[in-house]
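A.B. asks: Curious how this folds, go ahead:
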Amino acid sequence: MNAIIFGINSQDGIYLKEILESKNIVVKGVSRSVGEWIVGDIGDYEFVSELIKNEKPSYIFHLAANSTTRHNVLFENHKTISSGTLNVLESVKLYSPITKVFITGSGVQFKNVGVPIKETDEFEGNSPYSVARIHSVYAARYYRSLGIQTYIGYLFHHESPYRKHHHISKLTTDFIKSIGTKTTEKLELGDINVKKEWAYAKDIAEAIYTLVNQDVVWESTIGTGEIYSIKEWLINCFEIKGLNWENYVVTKNSDFKPEYNILQSNPSTIKSLGWKPMTSFYELAKIMME
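C.D. replies: Residues are numbered from 1 along each chain as shown. Have a look, this model is predicted:
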């Protein structure tokens, strides 16, 4: 068996590769960055179709995206997420119809009224990112009606040491590790009362693999269902080093307003398939601090 991962250098791609290889599945990764993987753009139909035509993979995982809701990446989100999804699905239809395809969804593409979100809930296109995600879901559903096995996992916040520095989880742990090496030792943050999930990316990758290996459920929210505030994350991480977060963190008002106060999944469907998160909020902090 073989698999193609678009977005192999993402935290999800890294862990998913490990899981697939542990199952004796040969993995080929695609990234726009120069490295050990195939260099290519999922937004380029000719590239995608030629790759799928030659490989005829057992699985394809579309993880590629710029995970930001900012308006100034409107066209990048459209090309990577929306067009990328169409490129993969049309190529599979033409050249490898037995391939199982995983399309990444997001918790932020749903209407959020402050209660746990399930895959059957209403969508809301309130950012270029969510619009692109919604489009990719409808494309996947259309191709599913044509006989293509398309799975959608709606991911909520998940973290790992592979997170990029600007994410609050990594920003916090990198700052704590740097204490004592810099002149300015203050971490400036906005609203630290926002609550979200802090799943471990490796657990989420396991859930993705679980989803694509059954033939009944095609879409599922994937998350822990447990929420903690940014403040709780700060307290936990600083305590690991025996420090009081209040001595190092400065909160400030800014023009930026959080998109939500709470973002929480209802993971009952994915749990019904036998998956459950193995890493607690507190264990995740230890992993990232190490």
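A.B. asks: Any stretches of the stretch 51-200 of the chain with poor pLDDT?
C.D. replies: Applying pLDDT under 70 to the stretch 51-200 of the chain flags residues 67, 69, 74, 182-184.
A.B. asks: now the helices for it?
C.D. replies: 74-77, 84-95, 128-145, 168-178 (DSSP state H, counting those that start in this stretch).
A.B. asks: Alpha carbons only: can I get the last one in PDB?
C.D. replies: Once side chains and other backbone atoms are set aside, the C-alpha atoms of helix 168-178 remain, and they are given as PDB (Å, rounded to 0.1, in the frame of the first residue of the first chain):
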ATOM      1  CA  ILE A 168       0.200  30.800  21.100                       C
ATOM      2  CA  SER A 169       1.200  27.300  22.300                       C
ATOM      3  CA  LYS A 170       4.700  27.400  20.700                       C
ATOM      4  CA  LEU A 171       5.100  31.100  21.400                       C
ATOM      5  CA  THR A 172       4.600  30.500  25.100                       C
ATOM      6  CA  THR A 173       6.900  27.500  25.400                       C
ATOM      7  CA  ASP A 174       9.700  29.100  23.300                       C
ATOM      8  CA  PHE A 175       9.500  32.200  25.500                       C
ATOM      9  CA  ILE A 176       9.800  30.200  28.700                       C
ATOM     10  CA  LYS A 177      12.800  28.300  27.400                       C
ATOM     11  CA  SER A 178      14.400  31.600  26.500                       C
END
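A.B. asks: Contacts for it next, please.
C.D. replies: With C-beta atoms under 8 Å, 6 or more residues apart in numbering as the test, helix 168-178 has contacts from 159, 161, 163-165, 187, 189, 198, 230, 233-234, 237-238, 240-241, 243, 248, 285, 288-289. (C-beta placed from N, C-alpha, C; glycine too.)
A.B. asks: that older thread, dump the helices of the stretch 51-200 of the chain into a markdown table; add distance to residue 273 and mean neighbour count as well.
C.D. replies: Converted to a markdown table, the helices of the stretch 51-200 of the chain look like this (distance: least, C-beta to C-beta, whole Å; neighbours: other C-beta atoms under 10 Å):
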| stretch | distance to residue 273 | mean neighbour count |
| --- | --- | --- |
| helix 74-77 | 29 | 17 |
| helix 84-95 | 23 | 22 |
| helix 128-145 | 18 | 20 |
| helix 168-178 | 27 | 18 |
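A.B. asks: would CSV of the ones you listed with distance to residue 49 be doable?
C.D. replies: Formatted as CSV, those follow (distance: least, C-beta to C-beta, whole Å):
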stretch, distance to residue 49
helix 74-77, 21
helix 84-95, 4
helix 128-145, 14
helix 168-178, 35
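A.B. asks: Just the endpoints, please. Distance across stretch 83-102?
C.D. replies: Taking C-alpha to C-alpha, to the nearest Å, stretch 83-102 runs 15 Å from one end to the other.
A.B. asks: list the contacts for residue 72?
C.D. replies: So residue 72 contacts nothing (C-beta under 8 Å, 6+ apart).
A.B. asks: swap that for residue 83, please
C.D. replies: Taking C-beta under 8 Å, 6+ apart, one finds 43, 45 in contact with residue 83.
A.B. asks: Quick check: it vs residue 77, distance?
C.D. replies: Separation of residue 83 from residue 77 (C-beta to C-beta, to the nearest Å): 10 Å.
A.B. asks: residue closest to the middle of this structure?
C.D. replies: In the chain, the residue lying closest to the centroid (C-alpha atoms, centre = their mean) is residue 155, at 5.5 Å.
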